[in-house]
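1. Predicted model, plus sequence, below.
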Amino acid sequence: MIPFLIYVAIFVVAFFVVTKIAQRSAISDYGSLKTVTFGDESAVTPNRAASVISILTIFLLWGMFTGSALLPKFLHAPGPFEGTGTFEYTAQAGNERDTATVTVVVHPIDTPTDAPEVAPGDGWAKDDSVAIGMWRSGLLRVDRNDELGRGDGAEVVEINGSKVQPGDTVDVGFATVTISDKGTPNIQPNKGWQMEPIWLPAPEAVVKRIGEIASEGFRGSTLWEHLGYSLFRVVVGFFFGALVGIPLGYAMGLSNWFRGWFDPIVEFMRPVPPLALIPLVIIWAGIGETGKIILLFLAALWIMAIAARSGVSGVKISKVHAAYSLGASKAQIMRHVIVPNSLPEIFTGARVAMGVCWGTVVAAELVAAEQGAGMMIMVASKFQNTDIVIMGIILIGIIGFGIDMLMRWAERLLVPWKGKG
Amino acid sequence: MSGLSIQSISMRFDLPNGGHVQALQDVSLDLKAGELLSVLGPSGCGKTTLLNIVAGFLAPTDGKMILNGHEISGPDAERGMVFQQGALFEWMSVRENVGFGPSMKGMPKTDKAEIVDHLLDVVGLQDFKEKAVYELSGGMQQRVALARCLANDPDVILMDEPLGALDALTREKMQSLVLKLWKETGKTIILITHSVEEALLLGERLLVMAPRPGRIHKEYRLPFAEMGVDADLREVKKHPEFSERREEILGMIWDMEEEIMGRTEAAT
């Protein structure tokens, strides 16, 4: 809740600050002279400052709530208590009361620390000490070293001077102490607002992990092998999907028989998410490469077939008539009119298919795989290696984005006439 | 026999509800080689259907057409067509569009380049040779369409409202160009239009069609096309006979529209 409120606050404050500054340095290009902008979609352009601040805000929040070393200390959200704290307990056995001190050492989880030696002190209740990891809690049998223990009827009646019964909680400054049903104090050092690394590691930990895995690999394969396997599956599956799907789509667009024969199949298979086919493909083809490629082939096939079909039906009849009147044969019309006219549609389909294939391959690898980006994050999650999971998600996102950019670039280069007919 | 002979063509479309539409009924027409015929009529009179039949895109339910002694049975390079718009190949440059017909015939490159160059000169687009067609204005695109049709050297040119989508000024220039090309090439041309003025200006012969069923209503022989070859078209329009004919035909079409409206009202 608090991170969300900070996020909203940054959004609002940045909006007012940026628009104030932008007003001062107002540029007067054509778009800025429009008086009607609300409702004119063409007048809405992404505010670059907003984009930059948006990304920085995500990293800022990430760093704040993970205690990132990349941020100056004063920006950190309150962290968990670390160091040594003490509190007193008062035990009572019959009419005898005595007070003793408990020393608690709270240490980072990855540096094991022993409970410090403390002098037993006066009275029959002896001083205690305990070491607790950050974000953890610990039960302390304070009566174990006392002269009068639980067996003698002794019980903890006060913590730092306030009366307690089993179930009560007392704030002792650095921690809270709860008396369990059996009368044992349970010490919970303050957690602060920061996330524990096993839930959300700091940005630099993720970067460091990328470096480590890039140089050392993960589960017997390097990072590039993992990503390469995923990409290879996508490219091969998509290639075969397009190889079969495009001619199928053309046939459906050009022949009654093909249209009638394949329409029910294509229309049925189109709404079936490829993810739903994973179990069947695993049963039939196993978890190896063949199964994955068959799955991606099926994911790409219908999309490409439909794209090619609608590419053919999108040919203006006047163009086909014109070509016939200019003496073109059927084969020439196919080659010089129908194919170039359907290329923009096919490219759009290819972009969609690549996106779907990339999503499907990651999902398929999550289910079962020896290598791959999805397998990496799935295995890491089983060992609570959250840094690897986040690294994997970021890399999957970057690659998916890269694929789309590449397809758009190819589209601009190869079908410049898109939308110009 | 040279020329186009349309012999009692009828066209009947069956409707899904069991009824039918008589798009054309018993249309006969003889066109000598080199004649320029404009076809005019209210919407629904079957003029585009007639053109599509002559082009070979539709088979008539009755009747036949003879061109230069043989019967027409499908689309062919001997009958070129110029569409209203959007029939250029946007994936090709201006040069490739104009050279499309010769390419399909497998004409040697040098011959093709010569024809394309000549036609681009004629339509005044030599400077735009390597441009993509979608970079041109509407008028320029129609000039490309004309040149593309002429590159094939067809016997008959069919024009389906070729200037319909152009603005008034461009349209006037294009009308002069059509007349010039007609005179220079001596092609037989059938031109369909919605505009009475255009039909009068460009038609050596003018056919007024009537709807329901589509049929020839009246035919004129006009002197204006010949006049317009050399003269300014605005001068031609000032001719007293021109305005007389215009009023006459406008009245004729007006009556037909009235009649259609009346019939529709009576039916409802």
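-> That came in fine, so what should we check first? Just so it is clear, the structure is predicted and the values come from calculations on it, not from any experiment.
2. and chain B, which residues reach chain A?
-> Within chain B, the positions lying close to chain A (C-beta under 8 Å from any C-beta of the partner chain) are B:55-57, B:74-77, B:79-81, B:83-84, B:86-91, B:100-101, B:104-105, B:132, B:134, B:148-149, B:152, B:154, B:158. In this view, the C-beta of every residue, glycine as well, is placed from N, C-alpha and C.
3. Show the average pLDDT along the longest helix along chain B.
-> Taking DSSP state H as the criterion, chain B has its longest helix at helix B:240-267. For helix B:240-267, the mean per-residue pLDDT is 77.
4. helices and strands around it, which ones?
-> helix B:196-202, strand B:205-210, strand B:215-221 (3 or more C-beta pairs under 8 Å, 6 or more residues apart in numbering or on different chains; DSSP states H and E).
5. which stretch among those comes nearest residue A:317?
-> strand B:205-210 (22.9 Å; C-beta to C-beta).
6. what would the helices and strands packed on helix B:240-267 look like in a markdown table with mean pLDDT, distance to residue A:5 and mean neighbour count?
-> Formatted as a markdown table, the helices and strands packed on helix B:240-267 follow (pLDDT from 0 to 100; distance: least, C-beta to C-beta, whole Å; neighbours: other C-beta atoms under 10 Å in any protein chain shown):
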| stretch | mean pLDDT | distance to residue A:5 | mean neighbour count |
| --- | --- | --- | --- |
| helix B:196-202 | 85 | 70 | 24 |
| strand B:205-210 | 87 | 75 | 22 |
| strand B:215-221 | 83 | 79 | 15 |
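7. give me the element residue B:22 is part of.
-> Residue B:22 is part of strand B:20-31, with elements assigned from DSSP states H and E.
8. Now the element after that strand, going C-ward?
-> Defined by DSSP H and E, the subsequent element after strand B:20-31 is strand B:36-40.
9. Now do that next one against strand B:20-31, angle only.
-> For strand B:36-40 against strand B:20-31, the angle by axes from the mean of the first three to the mean of the last three C-alpha atoms, to 10 degrees is 160 degrees.
10. Same list, the helices and strands packed on helix B:240-267, but as a markdown table with distance to residue B:117 please.
-> Output for these, formatted as a markdown table (distance: least, C-beta to C-beta, whole Å):
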| stretch | distance to residue B:117 |
| --- | --- |
| helix B:196-202 | 27 |
| strand B:205-210 | 33 |
| strand B:215-221 | 37 |
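11. I'd like to know which of those lies nearest to residue B:249.
-> helix B:196-202 (5.3 Å).
12. name the helices or strands packed onto the closest one?
-> Secondary elements touching helix B:196-202 (3+ C-beta pairs under 8 Å, 6+ apart): strand B:36-40, helix B:168-185, helix B:224-230, helix B:233-238, helix B:240-267.
13. Mind listing residues that contact the first one?
-> Contacts of strand B:36-40 from elsewhere in the structure, counted by C-beta atoms under 8 Å, 6 or more residues apart in numbering or on different chains, are B:29, B:31, B:47, B:50-51, B:182, B:188-194, B:196, B:198-200, B:202-209, B:225, B:249, B:253.
14. Nearest spatial neighbour of the residue of the stretch 201-350 of chain A found nearest chain B, chain-adjacent residues omitted?
-> The stretch 201-350 of chain A approaches chain B most closely through residue A:327 (3.1 Å), counting by C-beta to the nearest C-beta. Nearest residue to residue A:327, sequence neighbours excluded (C-beta to C-beta, 6 or more residues apart in numbering or on different chains): residue B:77, at 3.1 Å.
15. contacting residues for residue B:172?
-> Counting by C-beta under 8 Å, 6+ apart, residue B:172 has contacts B:233-234.
16. which other helices and strands contact the helix or strand containing residue A:21?
-> Following DSSP H and E, the helix or strand that holds residue A:21 is helix A:2-24. Judged by 3+ C-beta pairs under 8 Å, 6+ apart, the packing partners of helix A:2-24 are helix A:48-64.
17. Just checking: what are the partner strands of the helix or strand just after the helix it packs on?
-> Per DSSP H and E, the first helix or strand lying C-terminal to helix A:48-64 is strand A:83-93. Its sheet considered, strand A:83-93 pairs with strand A:96-107 (antiparallel), strand A:155-159 (antiparallel) by DSSP bridges.
18. what are the pairing partners of the helix or strand following the last one, and which direction each?
-> Next in sequence after strand A:155-159, counting helices and strands by DSSP H and E, comes strand A:162-163. Using DSSP bridges, strand A:162-163 pairs in its sheet with strand A:155-159 (antiparallel).
19. list the buried ones in the partner strand?
-> A:155-156, A:158-159 (16 or more other C-beta atoms under 10 Å in any protein chain shown).
20. Reformat those residues as JSON lines; add pLDDT.
-> What follows is the buried residues of strand A:155-159, written out as JSON lines (pLDDT from 0 to 100):
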{"residue": "A:155", "pLDDT": "85"}
{"residue": "A:156", "pLDDT": "87"}
{"residue": "A:158", "pLDDT": "88"}
{"residue": "A:159", "pLDDT": "89"}
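21. check contacts around the residue of chain B at minimum distance from chain A.
-> Closest to chain A within chain B is residue B:77: 3.1 Å, counting by C-beta to the nearest C-beta. Shown in contact with residue B:77 (C-beta under 8 Å, 6+ apart): A:325-327, B:101, B:104-105, B:152, B:154.
22. same thing with residue B:193?
-> Contacts of residue B:193 (C-beta under 8 Å, 6+ apart): B:38-40, B:161, B:163-164, B:199, B:202.
23. what does residue B:35 give?
-> Residue B:35 neighbours (C-beta under 8 Å, 6+ apart): B:3, B:188-189, B:204-205.
24. Nearest to residue B:170, out of those: which one, please.
-> residue B:189 (19.5 Å).
25. Adjacent strands (with direction) for the helix or strand the closest one falls within?
-> Using DSSP H and E, residue B:189 falls within strand B:188-192. According to DSSP bridges, strand B:188-192 forms sheet pairs with strand B:36-40 (parallel), strand B:156-160 (parallel).
26. Please enumerate the helices of the stretch 101-250 of chain A.
-> For the stretch 101-250 of chain A, the helices defined by DSSP state H, counting those that start in this stretch cover A:203-216, A:223-254.
27. right, so these: which one is the most enclosed?
-> helix A:223-254 (a mean of 20; mean count of other C-beta atoms under 10 Å in any protein chain shown).
28. what's the angle between that one and helix A:203-216?
-> 90 degrees.
29. Look at residue A:110 and say how many residues are nearby.
-> Residue A:110 has 8 neighbouring residues, counting by other C-beta atoms under 10 Å in any protein chain shown.
30. and it, backbone torsions?
-> phi -80, psi 0 (degrees, to the nearest 10).
31. how about the residues of chain A near chain B?
-> So chain A meets chain B at A:316, A:318-319, A:321-329, A:332, A:336-337, A:340-341, A:343, A:415-417, A:420-421 (C-beta under 8 Å from any C-beta).
32. mind listing which of those residues are in strands?
-> Using DSSP state E, no member of the residues of chain A next to chain B falls within strands.
33. Among these, name the ones in helices.
-> Secondary structure from DSSP H places A:318-319, A:321-325, A:332, A:340-341, A:343 of the residues of chain A next to chain B in helices.
34. Among these, which one lies nearest to residue B:237?
-> When these are compared against residue B:237 (criterion: C-beta to C-beta), the nearest one is residue A:318, at 30.7 Å.
35. sorry, back to before: mind listing what's buried along the longest helix of chain B?
-> Quick answer for helix B:240-267 (16+ other C-beta under 10 Å): B:242, B:245, B:249, B:252-253, B:256, B:260.
36. what do you get for stretch A:259-272?
-> A:262, A:266.
37. Alpha carbons only: can I get that stretch in CSV?
-> Listed next in CSV are the C-alpha coordinates belonging to stretch A:259-272 (Å, rounded to 0.1, in the frame of the first residue of the first chain):
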residue,chain,number,x,y,z
ARG,A,259,-11.8,-23.0,-48.0
GLY,A,260,-14.6,-25.5,-47.2
TRP,A,261,-12.2,-28.3,-46.1
PHE,A,262,-10.0,-26.2,-43.8
ASP,A,263,-12.4,-23.6,-42.5
PRO,A,264,-13.8,-25.7,-39.7
ILE,A,265,-10.4,-26.9,-38.7
VAL,A,266,-8.8,-23.4,-38.7
GLU,A,267,-11.8,-21.8,-37.1
PHE,A,268,-11.8,-24.4,-34.4
MET,A,269,-8.1,-24.4,-33.7
ARG,A,270,-7.7,-20.6,-33.7
PRO,A,271,-9.4,-20.0,-30.3
VAL,A,272,-7.6,-22.9,-28.6
